[in-house]
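1. The following block contains a protein sequence and its predicted model.
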Amino acid sequence: AAPDRVAGPRPVRAPRGTTLTARSWQTEAPLRMLMNNLDPEVAERPDDLVVYGGTGKAARSWAAYDALAACLRDLADDETLLVQSGKPVGVLRTHAWAPRVLIANSNLVGDWATWEEFRRLEDLGLTMYGQMTAGSWIYIGTQGILQGTYETFAAVAEKRVTGRVSGAGGSLRGTITLTAGLGGMGGAQPLAVTMNDGVAICVDVDQSRIARRIEHRYLDEQADDLDDAVRRAVAARDAGRPLSIGLLGNAAEVFPALLAAGAPIDVVTDQTSAHDPLAYLPVGVRVEDWEAERTADPAGFTERARASMAAHVAAMVGFADAGAEVFDYGNSIRDEARKGGCDRAFEIEGFVPAYIRPLFCEGKGPFRWAALSGDPADIAATDAAVLELFPDDAKLRRWITMAQERVAYQGLPARICWLGQGERARAGLRFNEMVASGELSAPVVIGRDHLDCGSVASPYRETEGMRDGSDAIADWALLNALVNTASGATWVSLHHGGGVGMGRSLHAGQVVVADGTALAAEKLERVLTNDPAMGVLRHADAGYDRAVEVARERGVRVPGLDA
Ligand code: NAD
């Protein structure tokens, strides 16, 4: 666009096929993935450049988007583009092993890291909220979180029956789960529950979110009202039939009403956008008035949202008192509810210490990849390759098989599965061989969520309740970004805030391109070894025995453990 005429919102879709629109696959890949994040099939509010997670954006403005795309099309393989909160700010001469793009999003100096200051700066056009994979261009739609949610509910089911989590998973058959939030991430919950053979009641205030999840087959049906939802849930539970039911309403009213009615709920959680009080609808505000009200009076709106979250969480505590398995699903609702006056909020446990940390000790985390060709056959081929590489992993086989049957791709076809130290590098090298041999029609990108074993400092989520008390030590996230930069990742990002909000986390991401070349193989081997190794050594340092064992077994060198 001419500098004086900035083009505004328009539908964006990544190119498909093997014709390059940039100078190489190293730069075509970030370009396609930026565009893919904004694809209307992928992004929750593409016109506002919002990908997911309340206000998580891929670019600061449409002018910044155009500038990013122009830079990526022109970027050479010995240059590095710098992105400061969604806007390109420099192109520097580097070298072939350096990342093609370095991204820093939403970072503020400690004492200034509040929503108030962030919004002041955002209003001045100086920053944007990058969430986790929104501003780092590796969001793959709701599937991205589906697998993690599937794993989590499998662990919930196991713990409910056996009292512990071994990683083998259990079944939710014969149980009813209550949750809220059917957004970009939260929308994975109904399918994750039915994949574990359970019944789910999923509350959202926004009818369009319920409709979208039904359209994408993540949600089975919608109830007419609260009583109807309970009737349908009980009938399905008694028949041992998996079923997910959408219910239109405000969770701050529906949860207390269900508790008061003595509804037979076994598992309770929540995935509204509670990390950002302006993205949580208080009781008494209509969805149509949401935008106007939060803009007119952000401070007053925040107070009302927190008061509603206090009622919402008080009901969750009530369900726990009544014997249900209740957990915080990583959206900071406990802290917001506490601020809103709910004294017992932190009696609810976070999902990472409750179910996920044993996996982190093995370097396990959300490994994901996307086919730049746009051809679903490429993902089918990689699915088969993963099952061949890890033939003994029954849970992985179950996941891939169900994902093939049940997951509708959004944007470029993609897959996720949790792999650990050693496994990620094997998969990456195999995919690179498949690109080289022509088994795949075009390169693939391999990345991950920032919610990973060694990439995040987040005391209410990934690093809650660390054995050595190191919950708020953020050095690990910075080291992770530096390690990936030093190891040959194609793009590396360092964010603040993410899923838990301002002041509460620092986290890093990486994406590496498998373009079939020998150089890519060397980079993949290093990045996909060193990135999960950060998780192993971080947990070994914190004193987790399993991480120490894994470090010894799989050759992760930790000074002091060598002897
Ligand atoms: P989103 O903004 O796309 O969706 C939030 C949904 O909550 C919307 O559909 C909205 O209508 C609904 N909602 C808001 N207030 C409500 C209320 N009072 N009652 C009922 N529904 C209400 O966000 P998302 O991407 O789905 O993420 C949800 C939350 O989960 C965020 O806080 C995010 O940071 C967090 N998160 C958790 C994980 C995890 O692994 N557990 C991962 C990523 C994100």
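-> Structure's in. What do you need?
2. Could you list the contact residues of the protein toward the ligand?
-> Contact residues, the chain versus the ligand (Cβ under 6 Å from any ligand atom): 44, 52-54, 145, 148, 180-186, 203-206, 209, 250-252, 271-275, 279-281, 329-331, 451, 499. Bear in mind the C-beta positions are built from the backbone N, C-alpha and C, glycine included.
3. Restricted to strands, list these.
-> Tyr52, Ala180, Val203, Asp204 (DSSP state E).
4. Nearest spatial neighbour of the first one, chain-adjacent residues omitted?
-> In space, Tyr52 comes closest to Gly184 once its chain neighbours are excluded; the distance is 3.1 Å by Cβ to Cβ, 6 or more residues apart in numbering.
5. That neighbour touches Thr55, doesn't it?
-> No. Gly184 sits out of contact with Thr55 when judged by Cβ atoms under 8 Å, with a separation of 11.5 Å.
6. mind checking which helix or strand Ala257 is in?
-> Here Ala257 sits within helix 251-260, counting by DSSP states H and E.
7. do the same with Ala104
-> strand 101-105.
8. which residues sit against that strand?
-> With Cβ atoms under 8 Å, 6 or more residues apart in numbering as the test, strand 101-105 has contacts from 30, 72, 80-86, 128-130, 135-136, 485, 490-496.
9. Buried among those residues? Make that a PyMOL selection.
-> Per 16 or more other Cβ atoms under 10 Å, the buried members of the contacts of strand 101-105 correspond to this PyMOL selection:
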select buried, resi 30+72+80+81+83+84+85+86+128+129+130+135+136+485+490+491+492+493+494+495+496
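10. just to revisit the earlier point, want to try a markdown table for the ones in strands among the residues of the chain next to the ligand, with neighbour count, pLDDT and distance to His312 as columns?
-> Shown next, in a markdown table, are those (neighbours: other Cβ atoms under 10 Å; pLDDT from 0 to 100; distance: Cβ to Cβ, whole Å):
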| residue | neighbour count | pLDDT | distance to His312 |
| --- | --- | --- | --- |
| Tyr52 | 29 | 92 | 21 |
| Ala180 | 28 | 98 | 8 |
| Val203 | 27 | 98 | 10 |
| Asp204 | 30 | 98 | 13 |
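11. And the residues you listed, which is closest to Ala472?
-> Closest approach between these and Ala472, by Cβ to Cβ: Tyr52, at 25.6 Å.
12. still on that earlier bit, the residue nearest to Tyr52: what's it in contact with?
-> So Gly184 contacts Glu44, Val51, Tyr52, Gly53, Tyr139, Gly141, Thr142 (Cβ under 8 Å, 6+ apart).
13. Could you list which residues are in contact with the closest residue to the second one other than its chain neighbours?
-> Right, the one you point to is Val51. Leaving aside its chain neighbours, Val51 sits nearest to Ala134 (3.7 Å; criterion: Cβ to Cβ, 6+ apart). Each residue near Ala134 by Cβ under 8 Å, 6+ apart is listed here: Asn37, Val50, Val51, Tyr52, Gly53, Gly56, Lys57, Ala58.
14. need the contact list for Gly469.
-> No contacts exist for Gly469 under Cβ under 8 Å, 6+ apart.
15. what's around the residue of the stretch 101-250 of the chain found nearest the ligand, how many residues?
-> For the stretch 101-250 of the chain and the ligand, the shortest gap (Cβ to the nearest ligand atom) falls at Gly183, measuring 1.7 Å. Residues within reach of Gly183, counting by other Cβ atoms under 10 Å, total 21.
16. That one is in contact with Val51, isn't it?
-> No. If you go by Cβ under 8 Å, Gly183 and Val51 don't touch, sitting 11.0 Å apart.
17. Need the overlap of contacts for those two.
-> Joint contacts of Gly183 and Val51 (Cβ under 8 Å, 6+ apart) are Glu44.
18. Inside helices: which ones of the residues of the chain next to the ligand?
-> Among the residues of the chain next to the ligand, DSSP state H puts Ile145, Gly148, Arg209, Ala251, Ala252 in helices.
19. quick one: the last one and Glu462, what's the gap?
-> This means Ala252. Going from Ala252 to Glu462 by Cβ to Cβ, to the nearest Å gives 27 Å.
20. With the second one instead?
-> Between Gly148 and Glu462 the distance is 12 Å, computed by Cβ to Cβ.
21. So if I had to pick from the two, which one is more boxed in?
-> Using other Cβ under 10 Å, the more surrounded residue of Gly148 and Glu462 is Glu462, with 33 against 22.
22. Which secondary structure state is assigned to that one?
-> coil (DSSP: H, G, I helix; E, B strand; the rest coil).
23. Begin at 654, not 1, for the rest of this chat.
-> Happy to do that; since the first residue is 654 now, the last one works out to Glu1115.
24. which residues touch it?
-> Val1005, Phe1013, Leu1104, Asp1105, Val1109, Ser1158, His1160.
25. let's see 10 Å
-> 983, 1003-1006, 1009-1010, 1013, 1018, 1103-1109, 1124, 1129-1130, 1151-1153, 1158, 1160, 1188 (Cβ atoms under 10 Å, 6 or more residues apart in numbering).
26. among those, which are in helices?
-> Phe1004, Arg1010, Phe1013, Trp1129, Ala1130, Gly1188.
27. Most neighbours out of those, which is it?
-> Gly1188 (29 neighbours).
28. Against which helices or strands is the helix or strand Leu735 falls within packed?
-> Secondary-structure assignment from DSSP H and E places Leu735 in strand 732-737. Contact partners of strand 732-737 among helices and strands, from 3 or more Cβ pairs under 10 Å, 6 or more residues apart in numbering; DSSP states H and E: helix 678-691, helix 715-727, strand 740-746, strand 754-758, strand 1144-1149.
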